[in-house]
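Trainee: Fold the following.
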Amino acid sequence: MTVTVETLEKLERKITLTLPVGSIQNEVDSRLKKLARTVKMDGFRPGKVPMNVVAQRYGYSVHYEVMNDKVGEAFSQAANEAKLRVAGQPRITEKEEAPEGQLAFDAVFEVFPEVKINDLSGATVERLTADVSDEAIDKTLDILRKQRRTFAQRAMDAQAQDSDRVTVDFEGKIDGETFQGGKAEDFQFIVGEGQMLKEFEDAVRGLKNGDSRTFPLSFPADYHGKDVAGKQADFMVTVKKIESTNLPEVNEQLAKSLGIAEATVEGLRADIKRNLEREVKFRLLARNKTAVMDALIANAELDLPKASVQQEVQRMVEGARAELKQRGIKDADKAPIPEEIFQSQAERRVRLGLVVAELVRANNLQAKPEQIKAHIDELAASYEKPQDVVRWYFSDNNRLAEVESVVIENNVTDFVLGTAQVADKAVSFDELMAQQQQG
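Mentor: Down below sits the predicted model:
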């Protein structure tokens, strides 16, 4: 087959395909004969339906299938012969004029671009570093203690203070009307932990059992309840119970209750440090990986295939619908989601995918089996039964493919950091945690 490829614009190409009418008809006849052996129709025994009846009933659909198959085969053969890397599905239209005994089709499609990655030794990448301090261990210990705190009723004349658990009834009104979520009975919260708005905590602080207080409360403009955001309400709160908080001491008993193998205070702190170091490592990797990917995009030149971007947009729209469905939204699969909101993100994903693929190909950065195993072992290490987690990953090819993708990204990150100009920036443990939450 001689293939003529016409360049329409940037990545768009056109190939003209020709198919002999006779070969199409022969295939249609062959499929109809095969169908006639098994088809069931009223008034005929199986396998005894006349060919003209079978052709009348199924001829159009069989002809359509054959045309699709033959044109698809011809396109694949032509693209392979021309050594083209096709992006997306071709748009195929039949031509009005064709040589005698032939059918002719135009296939318009896009090809993947050539990716040029500039010399990365001139690129600068900011790399974050962070250590696990004693202060971070202490804060984690405090969280673990709070998770195991107990409460004891305070004296009837005791005043509510920070760290007390209070049980209250409250009612709030805006313009004299109670609003949704503005009224509750036997509601509990810990004073001073920011569970309630500051004005509410200030009003409760200092009250005794049975006391009531009325007070104004201004909802912030960015308050999660949109109906009351930015508005002022009048509240009345009544304290029904005040309980003091008792935190467990940091001792061997606490270590034992947390399942620490070495049930000592030192063993507990060492275990916390190991877990925090693992968390820090993954968060630093995620942050530094993003910086590397930004540098790659900035130092690469390529045209984007529109078909690939559109496919990515469609995937993101379907992902958004699936998320809505998971939240219990009715008719989520029909939700009108404008595609343009995903356009820039889809373009970035496609661009990054092509650049990373080229870097991996050019520098042999594929994931090795031992790297995949090591990564899974590391993921499993924080679980109670690591071997069960390892088996879970290796029992499913899709899960393994996800791990492989992560390992490849890690290889790319290491390669770029080893090639580019790296500017190290130390951040505190708290800064790193906050950055990850914002991202």
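Trainee: low-scoring stretches of the stretch 1-150 of the chain, by residue?
Mentor: 1-3 (pLDDT under 70).
Trainee: can we see that at 90?
Mentor: Scanning the stretch 1-150 of the chain for pLDDT under 90 picks out 1-6, 9-10, 17-25, 27-29, 31-59, 62, 67, 81-82, 88-89, 94-104.
Trainee: ranges for the strands of it?
Mentor: With DSSP state E, counting those that start in this stretch as the criterion, the stretch 1-150 of the chain has strands at 5-9, 12-20, 86-94, 102-111, 116-117, 124-129, 150-153.
Trainee: would JSON lines of the ones you listed with distance to Ser212 be doable?
Mentor: Using the backbone N, CA and C atoms, a C-beta is placed for each residue, glycine as well. Formatted as JSON lines, the strands of the stretch 1-150 of the chain follow (distance: least, C-beta to C-beta, whole Å):
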{"stretch": "strand 5-9", "distance to Ser212": "75"}
{"stretch": "strand 12-20", "distance to Ser212": "74"}
{"stretch": "strand 86-94", "distance to Ser212": "68"}
{"stretch": "strand 102-111", "distance to Ser212": "71"}
{"stretch": "strand 116-117", "distance to Ser212": "69"}
{"stretch": "strand 124-129", "distance to Ser212": "51"}
{"stretch": "strand 150-153", "distance to Ser212": "20"}
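Trainee: between those, which one is nearest to Ala221?
Mentor: strand 124-129 (32.5 Å; C-beta to C-beta).
Trainee: how distant is that closest one from the center of its chain?
Mentor: 24 Å (C-alpha atoms, centre = their mean, to the nearest Å).
Trainee: Can you name every helix or strand that that strand contacts?
Mentor: Judged by 3 or more C-beta pairs under 8 Å, 6 or more residues apart in numbering; DSSP states H and E, the packing partners of strand 124-129 are helix 265-298, helix 397-419, strand 421-426.
Trainee: got the angle between the second one and strand 421-426?
Mentor: Interaxial angle of helix 397-419 relative to strand 421-426 (axes from the mean of the first three to the mean of the last three C-alpha atoms, to 10 degrees): 100 degrees.
Trainee: just use 43 as the starting number from now, easier for me
Mentor: Okay, residue one is now 43; in that scheme the one you just asked about reads as helix 439-461.
Trainee: what residues does helix 439-461 touch?
Mentor: 162-163, 165, 167, 169, 327, 330-331, 334, 337-338, 398, 401-402, 405, 407-409, 413-414, 417-418, 421, 434-436 (C-beta atoms under 8 Å, 6 or more residues apart in numbering).
Trainee: Is it possible to mark the buried ones in those?
Mentor: 162, 165, 167, 169, 327, 330-331, 334, 337-338, 398, 401-402, 407, 409, 413-414, 417-418, 421, 435 (16 or more other C-beta atoms under 10 Å).
Trainee: Nearest approach to Ala364 belongs to which of the strands of the stretch 43-192 of the chain?
Mentor: Closest among the strands of the stretch 43-192 of the chain, using C-beta to C-beta: strand 128-136, at 22.4 Å.
Trainee: got the buried residues for that closest one?
Mentor: For strand 128-136, by 16+ other C-beta under 10 Å, it's Val128, Ala129, Gly130, Pro132, Ile134.
Trainee: check contacts around the residue nearest to the spatial centre of the chain.
Mentor: The C-alpha lying nearest the average C-alpha coordinate of the chain belongs to Gly361 (C-alpha atoms, centre = their mean; 8.8 Å). By C-beta under 8 Å, 6+ apart, no residues touch Gly361.
Trainee: Nothing else from me, thank you.
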